[in-house]
Every structure is written in structure tokens, then in C-alpha cells.
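Participant: Generate a structure from the sequence data that follows.
(chains A and B)
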Amino acid sequence: MPRVRFAPSPTGYLHVGGARTALFNWLYARKTGGTMVLRIEDTDRERSTDAHTQVILDGLTWLGITWDEGPLFQGANLEQHQAGVRKLLDAGRAYHCFCTREELESQRAAAAAQKTGFRYNGRCRSIPADEAARRRAAGEEATVRIRMPDGELAWDDAVHGRISFQGHDLDDFVILRSDGTPIYNLAVVSDDIAMRITHVIRGDDHVSNTPKQIAIYRALGAQEPVFAHVPMILGSDGKKLSKRHGATAVGDYQDQGIFPAAMRNFLALLGWSPGGDREILPEAELIDLFSLEGIQSKPAVFDTAKLEWMNGQYLSATPAGELLPAVTRQLGRLGVDAGGRALEPLIDGVKARSRTILQLAEQVAVRLAGPKGEPDARGIALRKKLGPAFAEHLRRAVAVLESLPADEWGAESILAALTASAEFAGAKLGDALQPIRVVLTGGTVSEPVNELLVLVGREAALERLRRAAAETEPVG
RNA sequence: GGCGCUAUCGUCUAGGGGCCUAGGACACAGCCCUCUCAAGGCUGGAACACGGGUUCGAAUCCCGUUAGCGCUACCA
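Facilitator: Here you go, the predicted model:
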């Protein structure tokens, strides 16, 4: 049975790229009946925080990504990592390096000045073990470097096919800091071996780490896992997705009222395709269709418009009743009290015109509490265009609607009454109705006016219309 | 600079030598519907980076070129 892991470092929020990596791991585990391990890579003590860990856990949970083991913390495995280094040292596959940070930095600067790449010069490579032991006993600080073998370091990547590096292009990199704590590549390999990880599914930014990790696997005499490097997610300018592209944290989308299922569907299709034309794929289909081979080898641009479209698809497919809790929560945030009214009809009325729960809740709020402040630009433009007629239409509407008894306050009779009145006055139906829409919603966009009136309710609608008619009445 | 990865409409992609005058989706434009806007339906514009091979035949295979991206720490 495959064992996969998602291994974020808690140094920031759960990024959409990380979320997608987690999703692919999860999909693969669920598809194959394997095990998903969650490991928090907190070896960078300076930048790791518990708050970030919690945000990552929350983000995964929101997306519906579950894990079977963990969360495990890499920091807890210090002794295991050190034991691995000792084993490498004993086998002569690693050695102590006494070069100081300052020496290394000046070498790096010199290399940069000459526009040539920096590579560790191997100065400490040939220091005999007993001499190294003596110097360390004398209090000299040392890191541990792996002895990088010559020859090929290649693997058959599950998404890219064969990828090959040459050992002599890599240098003897540090695996243990002078303070005795492990460096990322060592810790990862050590943990992946200990956790019996069979498939390492991670971002493309790790492909250049892979040959280094393979060198460690070999030096440790351990079996290498299958590697699958999934492509990066880019911003609209083709550059690596970052803060300046707008929302990149999973939590941002949660706040915007995106459905977890829509986000998951969208993320899955970013860099992966089941083949064919299917787009809207529920969880079960995603799992059933998923394969590592279906993962794209080129990076993908994150397209918010398509995410919102997809969310709209999920929104229309979700019955109003299921939307109720989320809408109620948003209404609370907007400070609008439903006053015990049944929200479902309101939700159904505006559902098709919303792409996110947030937009939907805002529309419901307007129908409940009336628009806030002045109408929008198009509403004002209409008022100007109609001039005095705007108020006339309103007054006529008020008169007709008032004459409609409460028990006849239905979409059909309202439309009939309004149509007849407009006809009698020789007004175009559109001109007669649009002012009502503007007063009731603050804009020129809504469900049909007769339905809008039903949703707002007789008393509230009449009250708002009367007031607006009076306000817009020409002086004299 | 070195090493590596990648290359189909603006974007996500289908495509595994002939089914391709390259299909779908988002976005865009137009039309239908219509009291507005959506939704929905229909229509349209829009791509195989370039150059060489291989082959009867190449978006598909090979080699270059170009471009983009990633990595190049006692970060992860």
C-alpha cells in the first residue's frame, strides 16, 4: 500500500500551491487505498509558529483533505536525524567541515562577482577522521557535509519521466549545522525513510533537491521512493504566484465565500486532467479518475475568473436549504437580522446572480434591510435619465400596489397590475419597473421586479417606495 | 554563470504518427430569451514557439535554437 505525505513548513499561511500539492497526495492515497501522513516541517525554529501550523490544519480541513497519520512534527525527530548523520560519518559517506560561515560567504561573494556559480571547494574533504575528532574536542565548530559521489543521480519521475543529474555538478552540501541540528534535505530523507513513505509527491521547486536526497538515500543504504514533481502555480503574469497577485492563501478564498468543493475541483484541474472534457467533478469522481500520469508537466496560471465560475456552478447546484448555515453566518457578519424570516426563497431568488456565498449574502441582505446609502452609478444614471418621470413611475407603482390586498401579493398578480398600470399611463414596462428596482436594491440588477416585490414583502416594499417617491418628488 | 525543467487559443486543457480544415471549458463579442442583470441556449474570433531531421504521413518521435520558470544557504 502506498504511503504518501504532505509536509508543509509552518512559516506562513496555507498557500494555494501547497493546498494543491496536499490535494494530489490525498487524491493519490484515496485512489490507491494508501495512507496519507501529515508532517509539519518545523526545523526552522526561527520562522515556524504554532499559529501557522493551526492555519494550515484548518485550511486542509476546510478543503476536506484528511490525513491518516499525524500531524507529526519534524522537530521531534532530532535524535533520529543525528543518528543518521552519525551513520554516514561512520561509513565515511560524510565528513566534518571546519570552514567558517565568514569564509564561505566571502567565497560566495567572490564567485558572484565573477558571475560564476559557487560550489564548495572541498577543502575539508580530506581531513582524516581522527584529526577532525581532535579539532572538535579542542572546541572547534564544525558542520557535517555529505561526500557527494561522482556519477549519475537519476530517477524515473512519475510526472516528468526520467530526470538525470551528475554528481559532479552538485557539491558536498551541509547536512548537519554546527549546532547539531539537521538541514532540510537530511531531515526529510530521514523522516521519509522512518515513515516508510513510498511516493514523494511535491512541487517542481524540489526537483533540484531530489538528486541530493537520492545521494542520502544511497549513502544510508535505503530504498528510494517514487518521486512525482507537480508543476508550479503561476500568477497571471507568468511569475511564481505571490502576494502581489492578490489572494494566495486558502483562507482568503474561504473568506470570499468560495465552496470547499469548488476550490478542490478547481485546484485539482490546475495541472491535472482526467483526459476528455469533464470539468465539474465531485469528490468521488476526482478520486476515481486521479492518476499521477494525468499530471501536467508544465506550470499553470491561477485564473480567479474560472474559479469563480466554477463556484457559481456549485452554487446553482446547491439547494437553498444547504446554503442556509453559510448565508446566515455571512448575514451575521454583515450585521443584518433576518427577523425570523424564511431565507430560502430569498436565496433562490439571487442564487443565479451570485458566484460566491458572500455576494449571495449581500444580495439577501439588501432584500431584507434595503440598500445602504445612495444607489450605485447605474441607478443614479437612470434616475437622471428619467428625470421627473422617475418619481411619477414610483408614485403610480405605489398607488397600484397599495390597492393590491395582502392576500393577492403574489408574483403574477403584481406583474398583471403593474403591466396594466403602465399600459394605461402609456409608459414602457421597463421604464415603469426599473425605478422600483433601483429603490429596492440600489442598483439596476436583480431578479424580475414582480418577484423582487414578493421577496421584499408588501409592507417593507411599500414603505421604501413611498419614501423614495416623496424624496424624489420635484419641489412645487 | 552553472544545473535542471517546460513549451497547443489570453487562461485551464484534450490530443500518445493518419480519426485534426486541432476538440472542450473560462474569459471576450454577437444573437435568442427578456422589465434589468444573471442563468440557459446558439454563433463567432482565438493556439500546435522557431528551425532542422525521421516517416508515405507529424501538434504527436529525435536534434538544435529561442523563450519562460525553478534551484544554486549552517532556509524549507
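Participant: Quick check: closest non-adjacent residue to the residue in chain A positioned nearest to RNA strand B.
Facilitator: Going by C-beta to the nearest atom of the strand, RNA strand B is nearest to A:G117 of chain A, at 1.6 Å. Where you see a C-beta, it was placed from the backbone N, CA and C, and this is true even at glycine. Spatial nearest neighbour of A:G117, chain neighbours left out: A:A111 (6.5 Å); criterion: C-beta to C-beta, 6 or more residues apart in numbering.
Participant: gap between that neighbour and A:H160?
Facilitator: 29 Å (C-beta to C-beta, to the nearest Å).
Participant: For those two, indicate the residue with more neighbours.
Facilitator: A:H160 (17 against 13; other C-beta atoms under 10 Å).
Participant: residue contacts, the nearest residue to the more buried one once chain neighbours are set aside?
Facilitator: Leaving aside its chain neighbours, A:H160 sits nearest to A:S297 (5.3 Å; criterion: C-beta to C-beta, 6+ apart). Residues near A:S297 by C-beta atoms under 8 Å, 6 or more residues apart in numbering: A:V159, A:H160, A:P231.
Participant: what's the neighbour count on the first one?
Facilitator: The one in question is A:V159. With other C-beta under 10 Å as criterion, A:V159 counts 21.
Participant: Quick check, A:I201 in contact with A:R3.
Facilitator: No. With contacts counted by C-beta atoms under 8 Å, A:I201 stays clear of A:R3, the gap being 11.2 Å.
Participant: For A:K212, which residues are in contact?
Facilitator: A:I146, A:M148, A:L170, A:F173, A:N185.
Participant: quick one, phi/psi of it?
Facilitator: Torsion angles at A:K212 (phi, psi; degrees, to the nearest 10) stand at phi -70, psi -40.
Participant: per-residue pLDDT, it?
Facilitator: We have a pLDDT of 96 for A:K212.
Participant: For A:M263, see how far away it is.
Facilitator: Taken as C-beta to C-beta, the span from A:K212 to A:M263 is 33 Å.
Participant: One more: A:G271?
Facilitator: A:G271 is 15 Å from A:M263, by C-beta to C-beta.
Participant: ok, now A:H199?
Facilitator: Per C-beta to C-beta, A:H199 is found 24 Å from A:M263.
Participant: now swap in A:D50 and tell me
Facilitator: Distance from A:D50 to A:M263, by C-beta to C-beta: 25 Å.
Participant: Between those two, which has more neighbouring residues?
Facilitator: Comparing A:D50 with A:M263 by other C-beta under 10 Å, the one with more neighbours is A:M263, at 24 against 10.
Participant: need the contact list for the more buried one.
Facilitator: A:A19, A:L63, A:V250, A:Y253, A:L307, A:N311.
Participant: Just flag the most distant two among those.
Facilitator: Using C-beta to C-beta, the pair of the contacts of A:M263 lying farthest apart is A:A19 and A:N311, separated by 15.4 Å.
Participant: higher neighbour count, A:I201 and A:R3?
Facilitator: Shown here are A:I201 and A:R3; by other C-beta under 10 Å, A:I201 has more neighbours (28 against 19).
Participant: Which secondary structure state is assigned to the residue nearest to that one when sequence neighbours are not counted?
Facilitator: Using C-beta to C-beta, 6+ apart and skipping residues adjacent in sequence, the residue nearest A:I201 is A:A228, 4.5 Å away. The three-state label given to A:A228 by DSSP: H, G, I helix; E, B strand; the rest coil is strand.
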